[in-house]
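J.: just need the structure, nothing else, for what follows:
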Amino acid sequence: MARQLYSSVLIIGFVGPLGSGCSFIAHGLQDQLGDRAHYYKLSKYLREIAKCQGISDPTTEQLQDIGNELRHKKGLSVLAEMCIDQIRGEVRKAPTTWADDHVVIIDSIRNEGEVRYLRSFPNFYLFSVFAHYEERRRRIVGPDRDLKKEEDFQRADERDQREDHAYGQQVASCNYLSDATIDNNETFPTRSKKQKRRLLCIRIEDDYVSLTIAAAFPHVEIQDRRPTTQETLMTAAYAVSKKSNCLNRHVGAVIAFVPKEKPAHARDATAAPPFRIISSGYNEVPVGNTPCAYSGEGKCYRDFLQEQHARRWKNCPNCGQPITQKMKCSECGETVETISRKCTTRECQKIPMFDYTCPGCKIKVFTHFLTGGKKTPTRMLDMCKALHAEENALLGMPSFYQPAAEGQLVLFTTTFPCNLCANKIVGAGIRKVVFAEPYPMQEARQVLSEGGVEIVQFEGIKSRAYFKLFA
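T.: The predicted structure is shown next:
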């Protein structure tokens, strides 16, 4: 088994934001699979380090700090490597407790480097667990819990999702790299916690784990299932997104007529009602225009405008103290005289740079005040040269098309629509939006909700694993 670890072992990783229930599901799946499952949690190694430092009960923030420091010193994949080393040691010591069809469950993945390392194993699959913000907050905020107040949760959650340096918390990026997404909102309100987990994990085993087992171990007889309509149309949206020339993100959208059908994951011998793709689109500049990658600036036009604006800043907008430098590289320490999201030195090109922190008021100046920054109310979307994926899909939709009464027009998009696209979606008569990657724009959600558009986060096998698992 030790010799065959790379080729034969099935590894299922779990990632998800704070309170999503990754560990809840991972432990439940371990119980569901019984002796075939071997459970590991990456944060266990951080707790061991904390204990050596004299911290017996570390907080979320302390664990985040320890993880960042460890990745900075020993590499982005260090926690995943420690886990695999432990597995190899256990296999050598007790090889009879392992079999070729056993499943390794790795919980608490938090950085892209961990995902990239585990991708070296051909039978590695990453499951992303999601739950609504309000539900996640309800689960982990309270006077007897680590996070006492909502402000504590908000701060920890923002840090957990995405930090500015490569060795930081990157849950949002890991979610993007996942092979399947799982809905862990309250599905069984009248059941006990133990019953909820059992019912949820039975569904996860039937709909997702069984597919990975069938792909990894062809000799194991597993009841097959075909992809759902959501899985097929979201894969089409991801396929379309690959056409984009955008330097920041590739987004795809598909508009389809979807008849009324049975629940998405129902196993049934009868055929599902056929859907029809009406239109598709991806984010791209209008016909005849030059994409940013081939323009004179050679960078995203919005980033270029930000740099031009930043060059005119001489003082901190908050306290008035002179700005002596702009950004600093998290790897080599190089500073630049203008805003730059990535380091430009040859040694560590593309490494994210630290935002300039004012020495007077300790505020990250550009994040909080520069137009388009993370903490500012605008994202400069109106200055983007490209038409968004949803816009191109709506423009390609026949104006004469009228859906039949037994179905509806559904827009499938790889990223949550922005505010501008939400206005157009409502105006075009789309009745449902299914999105894969969340986008932090509450105004867009409000526009869609008030316009009578149903908003659904995608659940199922994603495009990365679609053709491998549905071979």
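
J.: so where's the stretch 1-150 of the chain uncertain?
T.: 1-7 (pLDDT under 70).

J.: can you do 50?
T.: Scanning the stretch 1-150 of the chain for pLDDT under 50 picks out 1-3.

J.: which parts of the stretch 301-450 of the chain are strands?
T.: Applying DSSP state E, counting those that start in this stretch to the stretch 301-450 of the chain gives strands spanning 327-329, 335-336, 353-354, 407-415, 432-437.

J.: can you say which of the ones you listed is nearest to Cys201?
T.: Closest to Cys201 of the strands of the stretch 301-450 of the chain is strand 432-437 (Cβ to Cβ; 22.9 Å). Every C-beta, even on glycine, is put in place using the N, C-alpha and C of the backbone.

J.: residues contacting the helix or strand containing Leu126, please?
T.: Assigned by DSSP states H and E, Leu126 belongs to strand 124-130. Here strand 124-130 makes contact (Cβ atoms under 8 Å, 6 or more residues apart in numbering) with 10-17, 20-22, 25, 109, 115, 118, 174-175, 177-184, 204, 208, 212, 438, 457, 465.

J.: same thing but 7 Å
T.: For strand 124-130, the external contacting residues (Cβ atoms under 7 Å, 6 or more residues apart in numbering) are 11-16, 20-22, 25, 115, 118, 175, 177-184, 208, 212, 457, 465.

J.: in what helix or strand does the residue most central in space within the chain lie?
T.: Closest to where the C-alpha atoms of the chain average out (Cα atoms, centre = their mean) is Asn175, at 2.3 Å. Asn175 belongs to helix 171-176 when elements are defined using DSSP H and E.

J.: I'd like the next helix or strand past that helix.
T.: strand 180-183.

J.: using PDB, write out the CA atom coordinates for that following strand.
T.: C-alpha atoms of strand 180-183 as PDB (Å, rounded to 0.1, in the frame of the first residue of the first chain):
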ATOM      1  CA  ALA A 180     -17.800  19.300  -6.000                       C
ATOM      2  CA  THR A 181     -19.900  21.700  -3.900                       C
ATOM      3  CA  ILE A 182     -22.200  20.600  -1.100                       C
ATOM      4  CA  ASP A 183     -25.100  22.500   0.400                       C
END
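
J.: contacts for the helix or strand containing His72, please.
T.: In this assignment (DSSP H and E), His72 forms part of helix 60-74. Contact with helix 60-74 is made by 43, 46, 49-50, 55, 78, 110-111, 113, 146-147, 156, 159, 167-169, as judged by Cβ under 7 Å, 6+ apart.

J.: filter those residues to the buried ones?
T.: Among the contacts of helix 60-74, those classed as buried by 16 or more other Cβ atoms under 10 Å are 43, 46, 49-50, 78, 110-111, 113, 146-147, 156, 159, 167-169.

J.: mind checking which of the residues you listed are in helices?
T.: 43, 46, 49-50, 78, 113, 156, 159 (DSSP state H).

J.: did I read that right, Tyr40 in a strand?
T.: Yes - looking at Tyr40 with DSSP: H, G, I helix; E, B strand; the rest coil, it is inside a strand.

J.: about what we covered before: next secondary structure after the strand holding Leu126?
T.: The element immediately downstream of strand 124-130 (helix or strand, assigned by DSSP H and E) is helix 133-140.

J.: tell me the pLDDT at Lys385?
T.: Note for Lys385: predicted pLDDT of 89.

J.: so what's it up against?
T.: 285, 289, 292, 301.

J.: kindly recompute the last result at 10 Å.
T.: 246, 284-286, 289-292, 295, 300-302 (Cβ atoms under 10 Å, 6 or more residues apart in numbering).

J.: buried ones in stretch 194-203?
T.: 196-198, 200-201.

J.: and of those, the nearest to Ala131?
T.: Among the buried residues of stretch 194-203, and counting by Cβ to Cβ, the member closest to Ala131 is Leu200, at 11.6 Å.

J.: helix or strand for that closest one, which one?
T.: helix 193-204.

J.: what kind of secondary structure is Ile106 in?
T.: strand.

J.: neighbours around the closest residue to it other than its chain neighbours, how many?
T.: Of all residues not flanking Ile106 in the chain, Gly13 sits nearest, at 4.6 Å (Cβ to Cβ, 6 or more residues apart in numbering). Number of residues near Gly13 (other Cβ atoms under 10 Å) recorded here: 29.

J.: does Gly13 sit in a helix or strand, and which one?
T.: Here Gly13 is assigned to strand 10-15, by DSSP H and E.

J.: and the helix or strand just after that strand, how far out from the chain middle?
T.: Later in the chain than strand 10-15, the nearest helix or strand by DSSP H and E is helix 22-33. Computed by Cα atoms, centre = their mean, to the nearest Å, the chain-centroid distance of helix 22-33 equals 20 Å.

J.: kindly export helix 22-33 (C-alpha atoms) in CSV.
T.: C-alpha atoms of helix 22-33 as CSV (Å, rounded to 0.1, in the frame of the first residue of the first chain):
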residue,chain,number,x,y,z
CYS,A,22,-16.7,20.9,6.9
SER,A,23,-15.7,19.0,10.0
PHE,A,24,-19.3,18.2,10.8
ILE,A,25,-19.6,16.5,7.4
ALA,A,26,-16.1,15.0,7.3
HIS,A,27,-16.7,13.3,10.7
GLY,A,28,-20.1,12.1,9.6
LEU,A,29,-18.7,10.7,6.3
GLN,A,30,-16.0,8.8,8.4
ASP,A,31,-18.8,7.2,10.4
GLN,A,32,-20.8,6.5,7.3
LEU,A,33,-17.9,4.7,5.5
